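Enquirer: sequence below, structure please.
(one chain, ligands or ions: 1)
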Amino acid sequence: MIKKILKLAGALLLALCAVMIVKALLLKSRQIEVPPLCIPEISDSAILRLAGAIQIPTVSFEDTTQIDPLQFIALHDYLEVNFPNVFSQLKQEKYNRFGLLFEWTGSNPKLNPIVLMAHQDVVPVVAGEWGKDPFSAENDGTFLWGRGTLDDKGALIAILESVEMLLSEGFRPERTIFLAFGNDEEIGGKGARAIAAALSAKGVEAEYVLDEGMVITRGMVPMINKPVALIGTSEKGYLSVELSCDFEGGHSSTPKPETAISILSEAVSQVTKHLPETHFTDPVNNFIRYIGPEIPWPARIVFANQWILGGLIKKIYSQTPAGDALIRTTTAPTILQAGVKDNILPTSARAIINLRLLPGDSSKKIITHLNNAINDKRVRIKAIGFLHEPAPVSPIHSAGFKIIQKSIRQTYPETVIAPTLMLATSDSYYYSGISKNIYKFAPYQLEPEDLARIHGNNERIKIDDYKQMIGFYYRLIRNSTNK
Ligand SMILES: [Zn+2]
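Expert: Below is the predicted model of the structure:
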């Protein structure tokens with residue numbers, strides 16, 4: 001009997017292996033084939049124009065009294081001088097004082113417009129930690145250095161360059177094109193929110209919206225040697241909660257077994273022990289579908305068989321913090337406060353936990369999860385400050401996604417394209433009222449070591465990469481307007 005069962009189990013296992021191999025064999029690449037197109041000749045004066053924008057420190061500070069409005073005025077004056085066709089031929093409006101909205105009216109009002117986004121502000125620098133002056137825009141022949149080259153003046157100025165080029169060629173789009181440049185993305189994006197509200201009031205229904213977010217990665221997607229262009233189709237939500245506890249104080253020479261600090265510490269410990277469940281969201285499922293066929297054997301078998309190896313894939317993801325963040329709402333205790341003196345028992349303690357919500361995990365659901373994990377009525381939980389529910393998921397079968405995909409393949413023929421989930425937040429979050437098709441991608445080409453430069457020290461962009469960015473937006477606009 002046992003022999004029979006073993007035999008049967010062996011046969012089943014063999015059959016299962018065969019099915020898995022066949023599924024891997026049948027995986028078809030989802031990369032589209034388009035003939036590469038030469039990007040238009042981009043002169044070195046384009047680099048000078050980007051350098052000029054980097055030299056204007058439009059820095060966003062959390063303490064908004066530190067923001068210098070004169071820098072934003074200077075940037076606008078600078079753009080007007082350097083992109084004369086854009087400023088003379090497109091309608092221009094300002095929102096939230098420095099948020100810029102341009103409208104390039106199309107010849108066919110029946111076509112839905114598109115929105116190309118970028119932001120004007122940059123994060124502060126720690127000047128002494130840079131090898132170069134962060135605002136001198138030094139060009140060493142290979143790289144242009146400076147705050148904002150990768151986030152996000154590179155995209156901002158590249159979009160303007162491409163529009164200026166098309167205008168000077170006499171190009172007139174069939175479809176209306178909006179250029180939407182928020183002024184405070186780094187501190188919450190009031191500018192973008194105001195621009196999105198204005199577009200919504202105008203009744204705009206955008207065919208698609210393209211904003212910063214994901215990039216072209218080199219050497220960052222395991223097992224893939226080619227560059228991978230990741231297109232964010234959703235972004236995680238943002239929630240901070242305060243845990244607090246009031247408890248009897250007194251002299252530290254006669255403490256009770258429990259104190260405000262011990263109760264709160266236990267609560268924080270429970271929260272980090274009982275993490276929200278992992279799950280695959282549509283953006284990550286689509287990432288697996290797009291990347292699977294590009295992965296070499298035998299690893300391809302795993303990615304072709306998510307239906308049965310989902311648990312193993314989750315394990316692979318969970319091995320790194322960035323991978324785990326793609327399949328889980330993350331839980332990060334960031335602030336802990338209690339006590340004023342070494343010999344006094346504090347009467348209260350508080351902790352802040354920052355959570356990044358996976359699509360499907362609403363703030364309400366996660367707060368209930370935290371309550372269950374802590375399971376102590378003495379600890380109060382409340383949401384505080386900035387809150388974003390997870391963004392809706394944009395489809396990958398839309399015209400917008402296909403246009404972006406085609407434009408990437410034309411400009412970067414060797415590149416593998418994959419949708420994914422963006423872990424950070426962006427201005428495009430506010431645009432869900434005007435389009436279902438919101439994509440988070442700007443063609444910065446990054447290697448692993450570049451990640452630390454964004455919001456860090458020694459930010460820089462490769463000059464050739466920047467020229468290609470202009471070519472990408474130039475193609476994108478042409479592809480979007482059927483010309
Ligand atoms: Zn940015």
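
Enquirer: ok, longest helix in this protein?
Expert: Taking DSSP state H as the criterion, the chain has its longest helix at helix 2-26.

Enquirer: who's in contact with that one?
Expert: 297, 300-301, 304-305, 308-309 (CB atoms under 8 Å, 6 or more residues apart in numbering). Any C-beta I mention is one placed from the backbone N, CA and C, and that applies to glycine too.

Enquirer: which of the residues you listed fall within helices?
Expert: Members of the contacts of helix 2-26 lying in helices (criterion: DSSP H): 300-301, 304, 308-309.

Enquirer: hang on, the earlier thing: okay, among the contacts of helix 2-26, which ones form the most distant pair?
Expert: Across the contacts of helix 2-26, the two members that end up farthest from each other (CB to CB) are 297 and 308, 17.8 Å apart.

Enquirer: ok, those two, which is more surrounded?
Expert: Neighbour count, other CB atoms under 10 Å: between residue 297 and residue 308, residue 308 has more, with 12 against 9.

Enquirer: related to what we said a few turns ago, got the buried residues for the longest helix of the chain?
Expert: For helix 2-26, a neighbour-count test (16 or more other CB atoms under 10 Å) marks 20-21, 23-24 as buried.

Enquirer: quick one: which of those residues is nearest the ion?
Expert: Taking CB to the ion as the measure, the ion lies nearest residue 24 of the buried residues of helix 2-26, at 37.8 Å.

Enquirer: residues in contact with the closest residue to that closest one other than its chain neighbours?
Expert: Spatially, and ignoring its direct neighbours in sequence, residue 24 is nearest to residue 304 (3.9 Å; CB to CB, 6 or more residues apart in numbering). Contacts of residue 304 were listed using CB under 8 Å, 6+ apart, and they are 20, 23-24, 26-27, 292.

Enquirer: that older thread, got the contacts of helix 2-26 as JSON lines, with distance to residue 58 and pLDDT columns?
Expert: Listed next are the contacts of helix 2-26 as JSON lines, based on distance: CB to CB, whole Å; pLDDT from 0 to 100:
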{"residue": "297", "distance to residue 58": "49", "pLDDT": "86"}
{"residue": "300", "distance to residue 58": "46", "pLDDT": "87"}
{"residue": "301", "distance to residue 58": "50", "pLDDT": "87"}
{"residue": "304", "distance to residue 58": "47", "pLDDT": "83"}
{"residue": "305", "distance to residue 58": "49", "pLDDT": "81"}
{"residue": "308", "distance to residue 58": "51", "pLDDT": "83"}
{"residue": "309", "distance to residue 58": "48", "pLDDT": "82"}
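
Enquirer: so which residue is smack in the middle of this protein?
Expert: Residue closest to the average C-alpha location in the chain (CA atoms, centre = their mean): residue 213, at 3.2 Å.

Enquirer: chain center to whichever strand or helix holds that one: distance?
Expert: Assigning secondary structure by DSSP states H and E places residue 213 in strand 208-217. Centroid displacement of strand 208-217 relative to its chain, using CA atoms, centre = their mean, to the nearest Å, is 7 Å.

Enquirer: same thing with stretch 441-448?
Expert: 11 Å.

Enquirer: in that stretch, which residues are buried?
Expert: Neighbour-count burial for stretch 441-448 flags 441-446 (criterion: 16+ other CB under 10 Å).

Enquirer: wait, which of the residues you listed is closest to residue 245?
Expert: Proximity of these to residue 245 (CB to CB) peaks at residue 446, which lies at 42.9 Å.

Enquirer: separation between that closest one and residue 251?
Expert: 56 Å (CB to CB, to the nearest Å).

Enquirer: got the residues of this structure near the ion?
Expert: Within the chain, the positions adjacent to the ion are 151-152, 212 by CB under 5 Å from the ion.
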